[in-house]
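Novice: Provide a 3D model corresponding to the input given below.
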Amino acid sequence: MRVVQSCITLILLVLSGSGLHVWAQPGAKVPSSDSVGAVSAGAPQTQVQTTDQALLATIRGVVESKDGEVYEGARVALTLAGPGAPLIKTQATGSDGAFSFSDVPPGAFKLAVSSDGFATQTLSGILQPGENYNAQTIVLLMTTATSEVQVTVSQRDIEVEQFHEEVQQRVLGIIPNFYVTYAPNAPPLTTRQKYVLAWKSSIDPVAWVAAGGFAGVEQAENSFSGYGQGAQGYAKRFGASYADAFIGTMLGGAILPSVFKQDPRYFYKGTGTVRSRVAYAIANAVICKGDNGHWQFDYSGIMGSLAAGGIANLYYPAKNRDGVGLTLEESGLGVVSTAIGNIFQEFVVRKLTPKVPHYAELNQ
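Specialist: Below you'll find the predicted structure:
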């Protein structure tokens, strides 16, 4: 009976044309058409998933220093190459300096390796389907240490530097030219600077040589005959000549300018027509710039000249002492000589002074 049932089942399947040869045991459940279709549809899906997995690639590498030391904790970023590419993955290198990205889609990529204190290193490439890409060793280099120092120079520092340059000025590199400033907007001298300038001018070797020269001329002409001749007469003339210059410089260049708050220096003009510069030089024989920056009558210079003449009567021979009238006359001559000296300053002296500060060029 069982043999007959099996034969009948086989005949029915063949006649149905299904093409599916299933040997069913008696009592076994024969697959329906729906279940057969489900099996057939599932087979291609499994095949696609297997194929996609095979296309994914891997990227690996090691991060080291130029000395061959591995870097742990370096940041490795993997992005798709191209504008606006999204970040795919980031990771930190392990204790062995290694990194590895798996399941990476094929195509163009970019690796960026960075760490604090080091220059970022980049690597680009194209992944092939299923490729195991070896980035090998990526060397991190330390960034060049740079520091920016902002030096703020105070106005006082500038003033001190200008004064330092001024006391280096010498005509032909020899004759002191301290009492002229070539700075367009030179700040006023402090009281201490006025005394320093007067002292340096008075004790300069050129001042001693000049006093000796004047004494020699006076000796030859027998001026101030009350001093007599010979070495003693020359010594007296030398002392008087040097005392005239010293007293005049200290009074007109330091003491009175400090009292009246005036600047004893000549402020070089250097611009304009010849006529305007000559007029400026002559005017500066009787006017000066105050510490407040305004032009005013030169009380310091005029009164200093008169006071020096009066003091000179104390050490000149009695028969050669000047009266008040002669003192005033000599003061007037002093104003004229100052005006002539200012004209020379304006047109000649600057060209003969090798250590003129660089800012003087802006005033020409």
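Novice: now the strands for the stretch 251-364 of the chain?
Specialist: In the stretch 251-364 of the chain, the strands defined using DSSP state E, counting those that start in this stretch lie at 266-267, 287-289, 295-297.
Novice: could the ones you listed go into CSV alongside mean neighbour count?
Specialist: Where you see a C-beta, it was placed from the backbone N, CA and C, and this is true even at glycine. Output for the strands of the stretch 251-364 of the chain, formatted as CSV (neighbours: other Cβ atoms under 10 Å):
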stretch, mean neighbour count
strand 266-267, 22
strand 287-289, 19
strand 295-297, 13
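Novice: output the ones you listed in CSV, with distance to Tyr234 and mean pLDDT appended to each entry.
Specialist: Formatted as CSV, the strands of the stretch 251-364 of the chain follow (distance: least, Cβ to Cβ, whole Å; pLDDT from 0 to 100):
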stretch, distance to Tyr234, mean pLDDT
strand 266-267, 33, 94
strand 287-289, 36, 95
strand 295-297, 39, 95
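Novice: burial measure for the residue lying closest to Gly248 once chain neighbours are set aside, as a count.
Specialist: For Gly248, ignoring the flanking residues on the chain, the nearest one in space by Cβ to Cβ, 6 or more residues apart in numbering is Ala308 at 4.1 Å. When counting by other Cβ atoms under 10 Å, one arrives at 23 neighbours for Ala308.
Novice: buried stuff in stretch 125-132?
Specialist: Leu127, Glu131 (16 or more other Cβ atoms under 10 Å).
Novice: same question for stretch 275-282.
Specialist: Here stretch 275-282 shows Arg277, Val278, Tyr280, Ala281, Ile282 as buried, counting by 16+ other Cβ under 10 Å.
Novice: tell me where the stretch 201-350 of the chain has helices.
Specialist: Along the stretch 201-350 of the chain, counting by DSSP state H, counting those that start in this stretch, helices occupy 205-221, 230-250, 256-260, 274-283, 299-312, 324-347.
Novice: show me how far the second one is from its chain's centre.
Specialist: For helix 230-250, the distance between its averaged C-alpha position and the chain's averaged C-alpha position is 52 Å (Cα atoms, centre = their mean, to the nearest Å).
Novice: tell me the average confidence for that helix?
Specialist: The average pLDDT within helix 230-250 is 93.
Novice: I'd like the helices of the stretch 201-350 of the chain laid out as CSV, including distance to Gly97.
Specialist: Converted to CSV, those look like this (distance: least, Cβ to Cβ, whole Å):
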stretch, distance to Gly97
helix 205-221, 74
helix 230-250, 78
helix 256-260, 74
helix 274-283, 76
helix 299-312, 79
helix 324-347, 75
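Novice: follow-up on the earlier one: list the residues that contact the residue nearest to Gly248.
Specialist: The contact partners of Ala308, taken as Cβ atoms under 8 Å, 6 or more residues apart in numbering, are Asp244, Ile247, Gly248, Leu251, Gly252.
Novice: looking at the residues you listed, state which has the most neighbours.
Specialist: Gly252 (26 neighbours).
Novice: contacts only, for the residue lying closest to it once chain neighbours are set aside.
Specialist: With sequence-adjacent residues excluded and distances taken as Cβ to Cβ, 6+ apart, Gly252 is closest to Gly304, at 2.8 Å. The neighbours of Gly304, taking Cβ under 8 Å, 6+ apart as the test, are Gly248, Leu251, Gly252, Gly253, Ile255, Leu256.
Novice: can you put the contacts of Ala308 in a markdown table and add distance to Pro184?
Specialist: Formatted as a markdown table, those follow (distance: Cβ to Cβ, whole Å):
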| residue | distance to Pro184 |
| --- | --- |
| Asp244 | 34 |
| Ile247 | 33 |
| Gly248 | 29 |
| Leu251 | 29 |
| Gly252 | 25 |
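Novice: ok, of those, which one's closest to Ser225?
Specialist: Asp244 (17.5 Å; Cβ to Cβ).
Novice: show me the contacts for the closest one.
Specialist: Contact analysis of Asp244 by Cβ under 8 Å, 6+ apart lists Ala308, Ala312.
Novice: what number of residues lie near Gln229?
Specialist: As a measure of burial, Gln229 has 11 neighbours, counting by other Cβ under 10 Å.
Novice: make that Gly173, sorry
Specialist: With other Cβ under 10 Å as criterion, Gly173 counts 11.
Novice: nearest residue to it other than its sequence neighbours?
Specialist: Nearest to Gly173 is Pro354, by Cβ to Cβ, 6+ apart, at 5.4 Å.
Novice: over to Ala243?
Specialist: Tyr315 (6.4 Å).
Novice: thinking again about what came up before, these two touch, right, the residue nearest to Gly173 and Ile175?
Specialist: No. Here Pro354 does not reach Ile175: they are 11.6 Å apart, not a contact under Cβ atoms under 8 Å.
Novice: so if I had to pick from the two, which one is more boxed in?
Specialist: Remark: of Pro354 and Ile175, Ile175 carries more neighbours, 15 against 11, as counted by other Cβ under 10 Å.
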